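K.L.:
Turn this into a structure:
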Amino acid sequence: MNALEHQLDYPFADTLPEPGHAFEVAPGVKWLRMPLPFALDHINLWLLRDEIDGQQGWTVVDCGITNDTIKANWEQVFDTQLEGLPVLRVLVTHCHPDHIGLAHWICAGGEKKRWDVRLWTTLGEYTSACVLASGNGSNAGGEGAARHFARHGVTDEASLDQLRNRRSYYSNLVPALPTQYRRLREADTVTIGGRDWRVVTGYGHSPEHCALLCESLGVLISGDMVLPRISTNVSVFDMEPEGNPLGLYLESLGRYEVMAEDTLVLPSHGKPFRGVRTRIGQLRAHHDARLAEVMEACGRAPQSAADIVPLMFKRALDIHQMTFAMGEALAHLHLLWLSGKLKRTIDDKGIVRFSA
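P.N.:
Just a heads-up that it's a prediction; the model follows:
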């Protein structure tokens, strides 16, 4: 653990659920962990004991990407971890592939078509997923992403070609989406297994992220908004090129720092922990420090987002990591620019730079 982690309480220590198995973390709440083929190599998923219209079963929260390994793990879960009961609904926190990628398949009952149930999520997440899956979005790759990052200082043609060739990145991980969904909104109450779970929306990491708080259990399913070890990626992408996602994210954190400190936080990555207010303080301090670094650099000389990346990420990055690093560098620049602390200019090569 690093020094910041020592300030948090990990009630299950190093216990992790095995693939295809579930581990109960609170009454009626089970933890699943699925592998991911990325540097961030896992995602936590959740099973909530439920009853809908008199039928006993389970609510699934988040799904994993579409691949054969995760499908096989889910099939094992369906066969061995549900106590012979069906899934009654699938609730997705947000539109990123590791969360919504298999929603269509789980809603349809997996390989054996065991059930046919509804997807629940917010309007912002559902519509964004539809746009990205259609190929019209360019967050992760394609010609639009290459133009966007070239405008912000990526001049290496090999990297730009890699970006152009990633045009099918999202649709490969999210090959289909349910054609119907049920809409969730801020402060909605979802009754799951006789307990009330309040919807807590958040912005900046994704368009309308949906976390779930059950005050009677003292449990928060935080999705990607509050993670224990890493800071959530907050990026400016081509779809919203003048966006201020970091401003939205920092504002959204206010909804979490009023929660009880002993709330059991169930994050999408890392281990369940207690100390939500402490963690929010750590996240705010992290971004304050990065903003100060960016401000100092822009005070010395005009900076592009590509110039800021090695300041914020002091390691070699593959193309997948580079898209997030560029997006995050630009998010910090945009917060300072849109608050009037930096000015933006475009040089004779069409590259955007920021200066104090």
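K.L.:
Identify the spatial nearest neighbour of Gly141, chain neighbours not counted.
P.N.:
Of all residues not flanking Gly141 in the chain, Arg166 sits nearest, at 2.4 Å (C-beta to C-beta, 6 or more residues apart in numbering). Heads up, the C-betas are built off the backbone N, CA and C, glycines and all.
K.L.:
any idea how far Asn172 is from that neighbour?
P.N.:
Distance, Arg166 to Asn172, by C-beta to C-beta, to the nearest Å: 9 Å.
K.L.:
tell me the secondary structure for Arg344?
P.N.:
Of the three states, Arg344 takes strand under DSSP: H, G, I helix; E, B strand; the rest coil.
K.L.:
Show me what it bridges to in the sheet.
P.N.:
Beta-bridge partners for Arg344, by DSSP bridges, are Phe354.
K.L.:
Contacts only, for it.
P.N.:
Contact analysis of Arg344 by C-beta atoms under 8 Å, 6 or more residues apart in numbering lists 337, 352-354.
K.L.:
okay, those in a markdown table with distance to Leu45 and pLDDT next?
P.N.:
Shown next, in a markdown table, are the contacts of Arg344 (distance: C-beta to C-beta, whole Å; pLDDT from 0 to 100):
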| residue | distance to Leu45 | pLDDT |
| --- | --- | --- |
| Trp337 | 37 | 98 |
| Val352 | 39 | 98 |
| Arg353 | 42 | 98 |
| Phe354 | 39 | 98 |
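K.L.:
sorry, back to before: hmm, Glu143 and the residue nearest to Gly141 touching each other?
P.N.:
No - assessed by C-beta atoms under 8 Å, Arg166 is found out of contact with Glu143, at 10.3 Å.
K.L.:
who's more crowded, the two?
P.N.:
For Arg166 and Glu143, the more surrounded residue by other C-beta atoms under 10 Å is Arg166, and the numbers stand at 19 against 13.
K.L.:
Help me confirm that that one is found in a strand?
P.N.:
No - using three-state DSSP, the assignment for Arg166 is coil, not a strand.
K.L.:
any idea how far it is from Arg147?
P.N.:
Counting by C-beta to C-beta, the gap from Arg166 to Arg147 is 13 Å.
K.L.:
what does Val61 give?
P.N.:
36 Å.
K.L.:
now do Phe23
P.N.:
In terms of C-beta to C-beta, Phe23 sits 45 Å off from Arg147.
K.L.:
Going by neighbour count, which residues of the strand ranked longest in the chain are buried?
P.N.:
In the chain, with assignment by DSSP state E, the single longest strand is strand 42-52. Using 16 or more other C-beta atoms under 10 Å as the test for burial, strand 42-52 gives 42-51.
K.L.:
hmm, back to that, can I get the contacts of Arg344 in CSV with distance to Ser206?
P.N.:
Formatted as CSV, the contacts of Arg344 follow (distance: C-beta to C-beta, whole Å):
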residue, distance to Ser206
Trp337, 22
Val352, 24
Arg353, 28
Phe354, 25
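K.L.:
Show me which pair in these is furthest apart.
P.N.:
Farthest-apart pair in these is Trp337 and Arg353; separation 10.7 Å (C-beta to C-beta).
K.L.:
residue boundaries of the strands in the stretch 151-300 of the chain?
P.N.:
Ranges of strands within the stretch 151-300 of the chain are 181-184, 189-192, 195-202, 209-214, 219-223, 264-267, 273-274, based on DSSP state E, counting those that start in this stretch.
K.L.:
The second one: partners in the sheet, and parallel or antiparallel?
P.N.:
If I follow you right, that is strand 189-192. Here, using DSSP bridges, strand 189-192 pairs with strand 195-202 (antiparallel).
K.L.:
could you give the mean pLDDT of the partner strand?
P.N.:
Strand 195-202 shows an average pLDDT of 98 in the prediction.
K.L.:
Please state the offset of it from the chain centre?
P.N.:
Remark: strand 195-202 is offset 17 Å from the chain centroid, using C-alpha atoms, centre = their mean, to the nearest Å.
K.L.:
Okay, angle between that strand and strand 209-214 too, please.
P.N.:
Following axes from the mean of the first three to the mean of the last three C-alpha atoms, to 10 degrees, one obtains 150 degrees for the angle between strand 195-202 and strand 209-214.
K.L.:
Can you tell me what sits against strand 195-202?
P.N.:
Under C-beta under 8 Å, 6+ apart, the answer for strand 195-202 is 28, 48, 122, 184-191, 208-217, 220-221, 223, 225, 249, 252-253, 255-256.
K.L.:
For it, C-alpha coordinates in CSV please.
P.N.:
Taking C-alpha atoms only, strand 195-202 is exported to CSV below (Å, rounded to 0.1, in the frame of the first residue of the first chain):
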residue,chain,number,x,y,z
ARG,A,195,-34.0,-1.9,0.5
ASP,A,196,-33.8,1.6,-0.9
TRP,A,197,-30.8,2.5,-3.1
ARG,A,198,-30.5,6.2,-4.0
VAL,A,199,-29.1,7.2,-7.4
VAL,A,200,-26.1,9.5,-7.2
THR,A,201,-25.2,10.9,-10.5
GLY,A,202,-21.7,12.2,-11.3
